[in-house]
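Chemist: pasting the structure only:
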Ligand SMILES: [Zn+2]
């Protein structure tokens, strides 16, 4: 079947890309993990480039403070408090209607990553925490799916395309004429995820829009090489920069696999994937908010019924995806966002204990 690729003319002119590259791209699936500052840029670039299917997974909704850097969203999305994955899907449909976009409004965790990432040709990192990155890394190594890591905070950024070492050593990137192109994984480089609260976050030090955009565009470029089968062109070093000081580095990482004893890609133990599900309480990066998943999928939530109950306490708005209530209690103001599957985000606190008590009081234990 011949397809009309004329809109991609400027891309097909690139060396080694051509109509063949475009066709491969149109038949591929990219899974974007998180749709904030990194994820919106990645999804935008990949949709414009003509990837066949984009799966976008994000747990959050659009707010005004996102608009400084999250390029797919606008003021109307924030006013409507649309889930980010859904707002991105709507925007991307207007940018390139040939791309199939699956918008998944959920928290990515050990219990659902196998389902959501199925069929992925690449995982692209738009995450805001290391625990979930290690989960993605586990999935990538276990299933032999490339994973492009990226992170940005303050004025700094880092990114690395991971082509995993597979069990049988027979992935396309391991069978290149010029030798295997497999790279270290995230756990080869840093064996454990840093404990929560020990790393600077967008919450504590802010984030420069252009720093995020550089990381995300580097990720998108690596993803395009991977999806078109140009594994020999994948950057083997880790990008690391600080835009404020002007430092720009390419760190050599290959030895981390050879000399290390990585539990993930050498011993093939997938500790993050195999389930430490966590407490169900997560403080969200860049927000004075806590996410609660302790009651997720414990039974269908009737948003209309809860909305009617909460109206006595403050302003309540609902849409198809969620309910939002403004609650004043003991002189403090909270904003409770409740999704239809029982997941909630409590804004106005960073303490899990306080968020749990707000949830218990207004939604139920
Ligand atoms: Zn490893």
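Modeler: The structure has been received and is ready for your questions. The model shown is predicted, which means the values in this text are computed figures rather than measured ones.
Chemist: okay, now residue 212: neighbour count?
Modeler: Neighbourhood size, residue 212 [other C-beta atoms under 10 Å]: 27. For every residue, glycine as well, the C-beta is placed using N, CA and C.
Chemist: Buried residues, the strand or helix carrying it. List them.
Modeler: Assigned by DSSP states H and E, residue 212 falls within helix 209-227. Across helix 209-227, burial judged by 16 or more other C-beta atoms under 10 Å covers 211-227.
Chemist: what's the answer for stretch 303-313, then?
Modeler: 303, 306, 307, 310.
Chemist: Could you list the residues in contact with that stretch?
Modeler: Stretch 303-313 is contacted from outside by 316, 318, 322, 323, 325, 327, 328, 336, 338, 340, 362, 363, using C-beta atoms under 8 Å, 6 or more residues apart in numbering.
Chemist: I'd like to know which of those is nearest to residue 14.
Modeler: residue 322 (42.0 Å; C-beta to C-beta).
Chemist: so the closest one touches residue 83, yeah?
Modeler: Yes: between residue 322 and residue 83 there is a contact at 7.3 Å, judged by C-beta atoms under 8 Å.
Chemist: In strands, which of the contacts of stretch 303-313 fall?
Modeler: Of the contacts of stretch 303-313, the ones assigned to strands by DSSP state E are 316, 318, 322, 323, 325, 327, 328, 336, 338.
Chemist: Quickly list the domain ranges of this protein.
Modeler: Annotated domains of the chain cover 6-259, 281-362 [automatic domain parsing].
Chemist: Not counting residues beside it along the chain, what's closest to residue 281?
Modeler: Spatial nearest neighbour of residue 281, excluding adjacent residues (C-beta to C-beta, 6 or more residues apart in numbering): residue 352 at 3.7 Å.
Chemist: nope, residue 292 is what I was after
Modeler: Leaving out its chain neighbours, the residue that sits closest to residue 292 by C-beta to C-beta, 6+ apart is residue 344, at 4.7 Å.
Chemist: Same question for residue 245.
Modeler: Closest to residue 245 by C-beta to C-beta, 6+ apart is residue 155, at 7.8 Å.
Chemist: State the pLDDT value of the one you found.
Modeler: According to the prediction, residue 155 has pLDDT 95.
Chemist: if I read this right, it contacts residue 247, doesn't it?
Modeler: No: between residue 155 and residue 247 there is no contact under C-beta under 8 Å: 10.2 Å.
Chemist: which one of the two has more residues nearby?
Modeler: Neighbour comparison, residue 155 and residue 247: the larger count goes to residue 155, with 16 against 10 (by other C-beta under 10 Å).
Chemist: can you pull the contacts of the more buried one?
Modeler: 208, 211, 242, 243, 244, 245.
Chemist: Tabulate the residues you listed in CSV, adding columns for pLDDT and distance to the ion.
Modeler: Below are the contacts of residue 155 laid out as CSV (pLDDT from 0 to 100; distance: C-beta to the ion, whole Å):
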residue, pLDDT, distance to the ion
208, 95, 30
211, 96, 27
242, 96, 26
243, 96, 29
244, 95, 31
245, 96, 30
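Chemist: any idea which of these is closest to residue 8?
Modeler: Checking the contacts of residue 155 against residue 8 by C-beta to C-beta gives residue 211 as the nearest, at 28.6 Å.
Chemist: What is the burial count for residue 246?
Modeler: By the criterion of other C-beta under 10 Å, residue 246 has 7 neighbours.
Chemist: And it, what's its pLDDT?
Modeler: For residue 246, pLDDT reads 96.
Chemist: now residue 94
Modeler: The per-residue pLDDT reported for residue 94 equals 98.
Chemist: No further queries at this time; thank you.
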